[in-house]
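Visitor: The following comprises the amino acid sequence and a computationally predicted model.
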Amino acid sequence: MQVTSSDGRATALDIDPYAAGCPSRQVLDRIGDRWTVLVVGSLSAGPMRFSELARRIEGVSQKMLTQTLRGLERDGLVARTVHPEVPPRVEYELTHVGRTLIDPLRALDAWAREHLPVIEEARAAYDSRA
């Protein structure tokens, strides 16, 4: 596989998420995290302030939302913009790469909604046997 580094050089990578040391595992951990899924889903509608995200994503603590946003920013999936106002206004938005996650995550959301009744039945049946 050929990838382009940030300086424009093409490099070859052997990406194998089944290999213990493969960095792709970190990427999969990031995009598979429940808070990441909800943050990306929320930001798919456009830029939002921290407080708007916190209200939109019920149950997320301030600490977890902060950690998730920092991780997404570090990975280049979210951009943080500080507007020079008093008091400063900070907004978060998906980058180009972050926006490429919208469709796959919407597909996962649709799958979960469609299969939730079957999964709940399976859980109930399993729990009644235990």
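Guide: Happy to help now that I have it.

Visitor: going forward, measure contacts and count neighbours with C-alpha atoms only.
Guide: Fine.

Visitor: Show me where this protein dips below the pLDDT cut-off.
Guide: Counting by pLDDT under 70, the chain contains low-confidence ranges at 1-13.

Visitor: Kindly recompute the last result at 80.
Guide: The model of the chain has pLDDT under 80 over residues 1-14.

Visitor: Please list all residues in contact with the residue minimising distance to the centre of the chain.
Guide: By Cα atoms, centre = their mean, the mean C-alpha position of the chain lies nearest to Thr36, the distance being 2.8 Å. Residues counted as contacts of Thr36 (Cα atoms under 8 Å, 6 or more residues apart in numbering) are 30, 68, 72.

Visitor: repeat that for 10 Å
Guide: Counting by Cα atoms under 10 Å, 6 or more residues apart in numbering, Thr36 touches 29-30, 42, 65, 68-69, 71-72.

Visitor: what's the most distant pair in these?
Guide: Farthest-apart pair in those is Asp29 and Ser42; separation 19.0 Å (Cα to Cα).

Visitor: what's the spacing between the spatially closest residue to Val97 that is not a sequence neighbour and Asp103?
Guide: Spatial nearest neighbour of Val97, chain neighbours left out: Leu77 (5.7 Å); criterion: Cα to Cα, 6 or more residues apart in numbering. Between Leu77 and Asp103 the computed distance is 14 Å (Cα to Cα, to the nearest Å).

Visitor: Isn't Val40 up against Ala79?
Guide: No: Val40 lies out of contact with Ala79 (Cα atoms under 10 Å); the separation is 11.7 Å.
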